[in-house]
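K.L.:
When you get a sec, could you give me coordinates for this:
(one chain, ligands or ions: 1)
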Amino acid sequence: MKKISTTPFQGQKPGTSGLRKTVSIFTQAHYLENFVQAIFDSVPALKDGVIILGGDGRYYNDIAIQTILRMAAANGAARVMVGKNGILSTPAISALIRKHKAAGGIILSASHNPGGINGDFGIKFNSANGGPAAEIITDKIYARTQNITQYFSLDTLPIDLTKCGFSNMSSMDIEIIDSTAHYSEMMEGLFDFDAISGLFNAGLSLCFDAMHAVTGPYALDIFARLGASKDSLINAVPLPDFGGGHPDPNPVYAAELFTRMFAPNGPDFGAASDGDGDRNIVLGRDIYVSPSDSIAVLAANAHLVPAYKDGLKGLARSMPTSRALDKVAEKLAIPCYETPTGWKFFGNLLDAGRITLCGEESAGASSNHIREKDGLWAVLMWLNIMAAREQSVSRILQDHWQTYGRHYYSRHDYEAVETQKAKTVMQKLESLLPALPEQIFGTETVLSADNFAYTDPIDKSVSKNQGLRVIFKSGSRFVMRLSGTGTVGATLRLYLERYEPASGDLSQDVQAALSGIISAADEITGFKTIIERSAPSTIS
Ligand code: G16
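P.N.:
Next up is the predicted model:
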């Protein structure tokens, strides 16, 4: 065993979802090692424990896996299970941690951020419940990175990751496992595969865009089991730089999918996932389902899917996610929890059995089958529901709006903003909040305005400063927060929502429907002047 002296790096604080930095930062000598050692030092159960290890295949994935294997052996881990070729999606890792009662999992991914030598890299630690480590653990890891003086490793040759099988490193067992088999079997156990196959046999056409990221192999396996034609999948081979693309499934970065879905005679059903396979978007012919609507539709129809036929215990959404889900919870007479942004906040509710389904506006949805959001799960939910209802995406969505009303919703992202300017916007809005109630902006009157704080109902931990929200008497609202996943400057997110009752006009253009709220947000904060931008970088 080698003990290697090191000194702390600034800024190794995990964000919304793990530590994400540019490749140039991650590949500095000792940078990855310091963070990995901080994980081992902060989670004693990893010593003598089982660890699941894999990533989304982005640049540096392969090297980082060998580094982590050596460090795991030197830190006394009993066994590490690694995906073949180092590939494992985030939901697959969550499932494997739970199946093998592992002490935790290490996921190498910067999710939807671009990859390649000039892109981003990331590392996330998931706990024994399969979910992202809670803040109490990430805070501990961060604190350790700030006083670290040494890390442990071994002098050994790299392990061959290309073949499944067993080997060892010092006294640690290593198992290279099939990346997809367990995940596909789990999906077969949740859904009615015969009914979904029936859709394809009846001629339903599909376009699934894996964005040259990790879901390619998973989608190939699952859609082969379902009998969908091979040409239903595009960009299915994972590449270290995602083919030069940006593996973020939104109308801008999944433009190829959108073009196909909106073309004359486009496919009946479209979907895409992100870098590490935990996000999803769903489209029908000529229609895009906003992620907030998607989770509401899934919840409203979950009883049609075998795994949820006995009903749902409760629902949860992140605060900026539209309140379409709340309407469903109301009708089902079950609770709907409002958590801060970040999947880790759903973990306690899922573990305590308070909720069955949860989701976020950032294209994440999942259930209690694992403790991560799950891109392909959401796609299969939609297909299963379509099979059970014998209806198209468009019909199901229209029907949903006609039942619950429509929450017009959009997120405007201002990316790579100068950090200080973004902070000024937040400070300014926060200082204005107390005086906003009863003020009138255009046709909207402010009902309430606050800085969202969350008290976890299970462990009572308090998370403050989780986004500034301004709620109008009409029920409309806007929320502003700074992203915790960007790597360049700051990303300012403006979340906009307006409710139209079922009896109202349900077919408006989304941006036009939100124009009053967009103007109110601008008038209240003057943010565009402060950040010197006239338009968002991305509208989703
Ligand atoms: C991560 C988190 C999500 C969060 C999203 C956006 O997703 O897991 O819970 O909603 O980031 O976070 P932010 O608004 O702070 O950028 P992923 O898919 O990137 O891991």
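
K.L.:
Name the residue of the stretch 51-200 of the chain that lies nearest to the ligand.
P.N.:
S111 (3.2 Å; Cβ to the nearest ligand atom). All C-beta spots, glycine's among them, are computed from the backbone N, C-alpha and C.

K.L.:
cool, and the stretch 301-450 of the chain?
P.N.:
For the stretch 301-450 of the chain, Cβ to the nearest ligand atom, closest residue to the ligand: S362, 3.6 Å.

K.L.:
tell me which parts of the stretch 251-400 of the chain are close to the ligand?
P.N.:
274, 278-279, 341-343, 360, 362, 364 (Cβ under 6 Å from any ligand atom).

K.L.:
how many other residues sit next to the residue of the stretch 51-200 of the chain closest to the ligand?
P.N.:
26 (other Cβ atoms under 10 Å).

K.L.:
Secondary structure class of it, three-state.
P.N.:
Put simply, S111 is coil when judged by DSSP: H, G, I helix; E, B strand; the rest coil.

K.L.:
mind listing what it touches?
P.N.:
Contact partners of S111, counting by Cβ atoms under 8 Å, 6 or more residues apart in numbering, are 17, 20, 56, 90, 122, 247, 274-276, 278-279, 485.

K.L.:
Could you dump those residues into TSV and include secondary structure, neighbour count and pLDDT?
P.N.:
Converted to TSV, the contacts of S111 look like this (DSSP: H, G, I helix; E, B strand; the rest coil; neighbours: other Cβ atoms under 10 Å; pLDDT from 0 to 100):
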residue	secondary structure	neighbour count	pLDDT
S17	coil	28	85
R20	strand	23	95
D56	coil	29	96
T90	helix	32	98
G122	strand	27	97
P247	coil	35	95
D274	coil	34	96
G275	coil	34	96
D276	coil	33	97
D278	coil	34	97
R279	strand	28	96
T485	coil	19	82
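
K.L.:
now the end-to-end length of stretch 328-343.
P.N.:
This stretch, stretch 328-343, spans 21 Å end to end (Cα to Cα, to the nearest Å).

K.L.:
can you give me the mean pLDDT across it?
P.N.:
Average pLDDT, stretch 328-343: 97.

K.L.:
Quick one: distance of that stretch to the chain centre.
P.N.:
17 Å (Cα atoms, centre = their mean, to the nearest Å).

K.L.:
Please apply the same query to stretch 478-492.
P.N.:
15 Å.

K.L.:
Over to stretch 424-433?
P.N.:
Using Cα atoms, centre = their mean, the offset of stretch 424-433 from its chain centre is 28 Å.

K.L.:
Equivalent analysis for stretch 442-451, please.
P.N.:
With Cα atoms, centre = their mean, you get 29 Å for stretch 442-451.

K.L.:
State the mean pLDDT of it.
P.N.:
So the average pLDDT for stretch 442-451 ends up being 95.

K.L.:
Give me the contacts around that stretch.
P.N.:
Looking at stretch 442-451 with Cβ under 8 Å, 6+ apart, the contacting residues turn out to be 430, 432-434, 436-440, 464-474, 476, 516-517, 519-520, 523.

K.L.:
filter these to the buried ones?
P.N.:
Neighbour counting by 16 or more other Cβ atoms under 10 Å classes 432-433, 436, 466-472, 476, 516-517, 520 among the contacts of stretch 442-451 as buried.

K.L.:
Going by distance to the ligand, which of the residues you listed wins?
P.N.:
Distances from the ligand to the buried ones among the contacts of stretch 442-451, taken by Cβ to the nearest ligand atom, are shortest for G467, at 9.1 Å.

K.L.:
what's that closest one in contact with, if anything?
P.N.:
Here G467 is in contact with 319-320, 340-341, 451-452, 479-481 (Cβ under 8 Å, 6+ apart).
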